[in-house]
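Undergrad: requesting a structural model of the entry that follows:
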Amino acid sequence: MASTRTIIIETKRLMKRRRLLIGGLISLLLLGFVLFTNHGVIMRLRLESERQEFTKEIEQAQTRGDSLRKQVYILKTDTLEIERLARQNYGLIKPGEEVYFVEPK
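TA: Reported below is the predicted structural model:
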């Protein structure tokens with residue numbers, strides 16, 4: 001027959017295990033909540049990554065827009081650029097010029 005002291009020790013061990021188990025479960029639930037909910041760390045990291053990608057896209061679009069605005073300004077004001085594009089793209093020539101075509105071999 002087990003002594004009362006042994007029974008008390010076993011009861012304390014069981015209570016300690018139960019407390020550890022309950023504490024562990026609560027900790028796991030809190031950790032899961034912090035990591036995996038819509039307001040959790042993983043969602044935060046994903047949204048931050050998306051924000052950085054969108055910021056890069058915005059910067060690229062702004063750079064392209066600035067470049068196009070510059071090109072429009074040049075085409076509105078620079079007659080030499082207009083002439084160059086007319087010659088290059090449409091084969092236009094000035095009166096009195098001679099054009100030579102080089103045939104590929």
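
Undergrad: T11: helix or strand, and which one exactly?
TA: Secondary structure assignment for T11, by DSSP states H and E: helix 4-36.

Undergrad: next one: E53
TA: Here E53 sits within helix 41-77, counting by DSSP H and E.

Undergrad: where does L92 land in three-state SS?
TA: Here L92 is recorded as coil under DSSP: H, G, I helix; E, B strand; the rest coil.

Undergrad: how about the nearest residue to it, chain neighbours excluded?
TA: Distance criterion C-beta to C-beta, 6 or more residues apart in numbering; nearest residue to L92, sequence neighbours excluded, is A86 at 4.5 Å. C-beta coordinates here come from the backbone N, C-alpha and C atoms, glycine included.

Undergrad: could you look up the SS state of that neighbour?
TA: helix.

Undergrad: count the residues that sit near it.
TA: 12 (other C-beta atoms under 10 Å).

Undergrad: mean confidence for the helix holding T11?
TA: Helix 4-36 shows a mean pLDDT of 89.

Undergrad: and it, how far from the chain's centre?
TA: 42 Å (C-alpha atoms, centre = their mean, to the nearest Å).

Undergrad: buried residues in that helix?
TA: By neighbour count on 16 or more other C-beta atoms under 10 Å, the buried set for helix 4-36 is empty.

Undergrad: show me what that helix is packed against.
TA: Applying 3 or more C-beta pairs under 8 Å, 6 or more residues apart in numbering; DSSP states H and E, we find helix 4-36 packed against helix 41-77.

Undergrad: measure how the helix it packs on sits relative to helix 4-36, angle-wise.
TA: Put simply, helix 41-77 runs at 10 degrees to helix 4-36, going by axes from the mean of the first three to the mean of the last three C-alpha atoms, to 10 degrees.

Undergrad: no further questions, thank you.
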